[in-house]
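Chemist: Fold the following.
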Amino acid sequence: MNVNCLIKRGVTMLRSFAILFGIGFIIIGVLGFLPSFVEQENLFGIFRVNFEHNVAHLAAGVLALLSGLASKFASKMYFTIAGVVFALLAVFGFMEQDEMLFEMIAVNTADNVLHAGIAAVFLLLGLGSSD
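Modeler: As a prediction, this is how the structure comes out:
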């Protein structure tokens, strides 16, 4: 399948990004449940995770995947809304002292920096894309 075929099918760059991020989040969510990838509650020894955090990754992945498969508008809305959510997670994560966001999601500084970066990329994709 070549690029022209995908364009004819209406698969835009934005939708492709949503599908790719969806697959990525789902993979990260699954890896967070596998002990061989989690060392002392840290995914890859870096990012703090727990059951709730992994479920959140899976949910974000499923939503991204569904929006990418649905339409350009759905992808744009996903990136915009998820961008705001990830920005809030980063802000609240940096403010939290005991590393438990909302008393249920395990986070650390690496998570907060990553959430801020994801927020920036998502907001650029959601708000910067033309209709």
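Chemist: hey, let's count contacts and neighbours off CA atoms from now on
Modeler: Will do.
Chemist: just checking, what packs against the helix of greatest length in the chain?
Modeler: Criterion DSSP state H: the longest helix present in the chain is helix 72-95. Applying 3 or more CA pairs under 8 Å, 6 or more residues apart in numbering; DSSP states H and E, we find helix 72-95 packed against helix 13-31, helix 51-70, helix 109-128.
Chemist: Indicate which one of these is closest to Y78.
Modeler: helix 51-70 (6.5 Å; CA to CA).
Chemist: For the closest one, give me every contacting residue.
Modeler: 14-30, 32-33, 74-75, 78, 104-106 (CA atoms under 8 Å, 6 or more residues apart in numbering).
Chemist: Out of those residues, which end up buried?
Modeler: Buried by 16 or more other CA atoms under 10 Å: 14-26, 28-29, 32-33, 74-75, 78, 105-106, out of those.
Chemist: buried set for stretch 117-131?
Modeler: 117-120, 122-123, 125-126.
Chemist: er, stretch 87-100 actually
Modeler: 87-90, 93-94, 99.
Chemist: so which pair among these is furthest apart in space?
Modeler: Farthest apart among these by CA to CA are A87 and E99. That separation is 16.7 Å.
Chemist: Where does pLDDT dip in the chain?
Modeler: 1-11, 97-98, 129-131 (pLDDT under 70).
Chemist: Adding distance to Q40, write the buried residues of stretch 117-131 out as JSON lines.
Modeler: Converted to JSON lines, the buried residues of stretch 117-131 look like this (distance: CA to CA, whole Å):
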{"residue": "G117", "distance to Q40": "24"}
{"residue": "I118", "distance to Q40": "24"}
{"residue": "A119", "distance to Q40": "26"}
{"residue": "A120", "distance to Q40": "29"}
{"residue": "F122", "distance to Q40": "30"}
{"residue": "L123", "distance to Q40": "32"}
{"residue": "L125", "distance to Q40": "34"}
{"residue": "G126", "distance to Q40": "35"}
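Chemist: closest to F37 among those residues?
Modeler: For these, the nearest to F37 is I118 (21.4 Å; CA to CA).
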